[in-house]
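A.B. asks: generate coordinates for the sequence data below:
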Amino acid sequence: MSDLVTAREELMAVAIGDLGALLDRIETMAPQLDASRMELLRTSTELGEQVEAYSRRMNEITENAKVQAVRHIARRADEMARGTVDTQTRAMAEAARMVFHNEIGPTLQRVALPLQEAAAMARKGARPWEGWLLHAATAVLSSAISWAMAAWLWLR
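C.D. replies: Take a look at the predicted model:
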C-alpha cells in the first residue's frame, strides 16, 4: 500500500501543482478578461448609438418616402381628375350637338319656314304700291319715248 499512497500523494502533488499553474494563468488572464469586457462594453455602447442613428435615419427615409408617395398619388389623382373633366366636357358637348341636330334642328326648321313666309308676305304687304310703281314707271317711260319720237319726227 505504501506504493499506492505514494502514487496517490504524487498524483495529488501533481494535480495541486497543475492547479497552481492554472490559477496563475487565470490570474494573468484576469486583466486581459477585464480589458476585453471593457472593450465589449464600449463596443456595445457604440453599436447601440449606431443602431439609434440608423433607426433615426430609417425613420427619416420612411417619412420622406411617405411624403413622396402622397405627393405622387395627389399629382396622379389631379391628372386623372383633369382628364376625366375634359372627357366629360367633350362627351357633353357632343351629346348637346346631337340633341340639337336631332331634336331641336328639325323643330326649328318647321317653325322657321312659316315665319320666313310670313316675313316675305309682310315685306310685300308693307309696300303694295311697289308692283304698281313698276308698271307706272314703264308707262311713263314709254310715253316719254313716244313723245320724243313724235317730236323728232315732227321737227324733221
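
A.B. asks: from here on, just use CA atoms for contacts and neighbour counts.
C.D. replies: Will do.

A.B. asks: check what pLDDT I104 gets.
C.D. replies: pLDDT for I104: 78.

A.B. asks: cool, I61 as well?
C.D. replies: On pLDDT, I61 comes in at 95.

A.B. asks: can you check L33 too?
C.D. replies: Predicted confidence (pLDDT) at L33: the value is 83.

A.B. asks: report the separation between Q109 and S142.
C.D. replies: Q109 sits at a distance of 46 Å from S142 (criterion: C-alpha to C-alpha, to the nearest Å).

A.B. asks: I meant M38, not that one.
C.D. replies: M38 sits 141 Å away from S142, taking C-alpha to C-alpha as the criterion.

A.B. asks: any idea how far S146 is from A139?
C.D. replies: In this view, S146 and A139 are 10 Å apart by C-alpha to C-alpha.

A.B. asks: check M12 too.
C.D. replies: Taking C-alpha to C-alpha, one finds M12 at 172 Å from A139.

A.B. asks: flag the shaky bits of the protein, pLDDT-wise.
C.D. replies: 1-4, 125-128 (pLDDT under 70).

A.B. asks: ok, which stretches of it are helices?
C.D. replies: Under the criterion DSSP state H, the chain contains helices at 2-99, 105-126, 129-155.

A.B. asks: with just CA atoms, put the shortest one into PDB.
C.D. replies: If I follow you right, that is helix 105-126. Extracted as PDB, the C-alpha positions of helix 105-126 are listed here (Å, rounded to 0.1, in the frame of the first residue of the first chain):
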ATOM      1  CA  GLY A 105     -83.000  71.400 -85.600                       C
ATOM      2  CA  PRO A 106     -86.000  69.900 -87.300                       C
ATOM      3  CA  THR A 107     -88.400  71.600 -84.900                       C
ATOM      4  CA  LEU A 108     -86.600  74.900 -85.500                       C
ATOM      5  CA  GLN A 109     -86.900  74.400 -89.300                       C
ATOM      6  CA  ARG A 110     -90.600  73.700 -89.000                       C
ATOM      7  CA  VAL A 111     -91.100  76.900 -87.000                       C
ATOM      8  CA  ALA A 112     -88.700  79.000 -89.200                       C
ATOM      9  CA  LEU A 113     -90.300  78.100 -92.600                       C
ATOM     10  CA  PRO A 114     -93.700  79.600 -91.800                       C
ATOM     11  CA  LEU A 115     -92.000  82.600 -90.100                       C
ATOM     12  CA  GLN A 116     -89.900  83.200 -93.300                       C
ATOM     13  CA  GLU A 117     -93.000  83.000 -95.400                       C
ATOM     14  CA  ALA A 118     -94.900  85.400 -93.100                       C
ATOM     15  CA  ALA A 119     -91.900  87.800 -93.200                       C
ATOM     16  CA  ALA A 120     -91.900  87.700 -97.000                       C
ATOM     17  CA  MET A 121     -95.600  88.400 -97.100                       C
ATOM     18  CA  ALA A 122     -95.100  91.200 -94.600                       C
ATOM     19  CA  ARG A 123     -92.400  92.700 -96.800                       C
ATOM     20  CA  LYS A 124     -94.700  92.600 -99.800                       C
ATOM     21  CA  GLY A 125     -97.700  93.700 -97.800                       C
ATOM     22  CA  ALA A 126     -95.800  96.700 -96.300                       C
END
